[in-house]
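Engineer: below are the sequence and a predicted model for it; my questions follow.
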Amino acid sequence: MKTTKILAISDIHAEEQVLDRLRMVSFKGKYDAVAVLGDITSSGPVSFAKDLADILPDSFFIFGNNDSPEVVQFLTGCRNYCHAKKIQLGDWNVVGFGGSNKTPFNTQFEFDEAEIEKGLEKAGVDEYSILLTHAPPFGFFDTAPGGMHVGSVGIRKIIDRHKPLLNVCGHMHELSGSMLHNETMIVKVPAATRLVGTEITISDSIQAKTIRL
């Protein structure tokens, strides 16, 4: 099996320091793919998303619950925009779903669980999928203050049903790590506002580690 290396970044929230760091680093030849998991901004500006796409032009993009409609409209024109879509990546395929399940905060892009499940089902998640979601699946890296699980039931149902290779997610800023659930490795990416991302290596096994940007 050919080794596949992915850099995953999430929850940038229009932090200019993240762009400054990314401008200083060359990813050419280092990663097979870069995945941006949403909340690129905090309700804009679209110029920030354009700057990020200029730095990382072939990234796999999904939006977050805090991105603006203008940002989402821009992302739809990016080559590897993958919300509710499947795109081939070597031996694997990438399927994405942006936004989040319902929150108490009434943010820009929140979906009913049935809509999330239907969108991912239609996109064709399978055992060869690298599933990129902004929200984590219910029960994994989704514990809010007070102990309540706030992850997506729809994403969890898709994972349990189709057993994708990977689920890479963001959204919950304070949590990060990786955990194997049945045949699926769930990788929670920390907030890039801390100037970090996650490097994922797929070979005979899957390794994930937090790195400085």
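Structural biologist: It's in.
Engineer: please enumerate the helices of the protein.
Structural biologist: With DSSP state H as the definition, the chain shows helices at residue ranges 16-24, 46-55, 69-75, 113-123, 153-162.
Engineer: low pLDDT regions in the protein?
Structural biologist: Under the criterion of pLDDT under 70, the regions of the chain flagged as low confidence span 28.
Engineer: 90 instead, please
Structural biologist: For the chain, the stretches with pLDDT under 90 are 1-2, 24-29, 145-147, 173-175.
Engineer: residue closest to the middle of it?
Structural biologist: Within the chain, one residue has its C-alpha closest to the average C-alpha position: by CA atoms, centre = their mean, that is residue 37, at 2.8 Å.
Engineer: picking up where we left off before, can you list the helices of the chain in JSON lines and add distance to residue 189?
Structural biologist: Glycine gets a C-beta too; all of them are placed from N, C-alpha and C. Compiled in JSON lines, those are given as follows (distance: least, CB to CB, whole Å):
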{"stretch": "helix 16-24", "distance to residue 189": "13"}
{"stretch": "helix 46-55", "distance to residue 189": "15"}
{"stretch": "helix 69-75", "distance to residue 189": "18"}
{"stretch": "helix 113-123", "distance to residue 189": "19"}
{"stretch": "helix 153-162", "distance to residue 189": "15"}
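Engineer: the spatially closest residue to residue 21 that is not a sequence neighbour: neighbour count?
Structural biologist: With sequence-adjacent residues excluded and distances taken as CB to CB, 6 or more residues apart in numbering, residue 21 is closest to residue 213, at 4.2 Å. By other CB atoms under 10 Å, the residues close to residue 213 number 18.
Engineer: with residue 60 instead?
Structural biologist: 26.
Engineer: ok, it to residue 93 distance?
Structural biologist: Relative to residue 93, residue 60 is positioned 11 Å away (CB to CB, to the nearest Å).
Engineer: and if you look at residue 157?
Structural biologist: For residue 157, the distance to residue 93 under the criterion CB to CB works out to 19 Å.
Engineer: between these two, tell me which one has more neighbours.
Structural biologist: Set side by side, residue 157 and residue 93 show unequal neighbour counts under other CB under 10 Å, the larger going to residue 93 at 21 against 18.
Engineer: and the residue nearest to residue 103 when sequence neighbours are not counted, bridged to which residues?
Structural biologist: Distance criterion CB to CB, 6+ apart; nearest residue to residue 103, sequence neighbours excluded, is residue 110 at 6.0 Å. Under DSSP bridges, the beta-bridge partners of residue 110 are residue 100.
Engineer: can you pull the contacts of residue 110?
Structural biologist: Taking CB atoms under 8 Å, 6 or more residues apart in numbering as the criterion, residue 110 is in contact with 65, 99, 100, 101, 102, 103.
Engineer: can you pick the most crowded of those residues?
Structural biologist: residue 100 (29 neighbours).
Engineer: that one reaches residue 107, doesn't it?
Structural biologist: Yes: contact between residue 100 and residue 107 holds when scored by CB atoms under 8 Å: they sit 7.2 Å apart.
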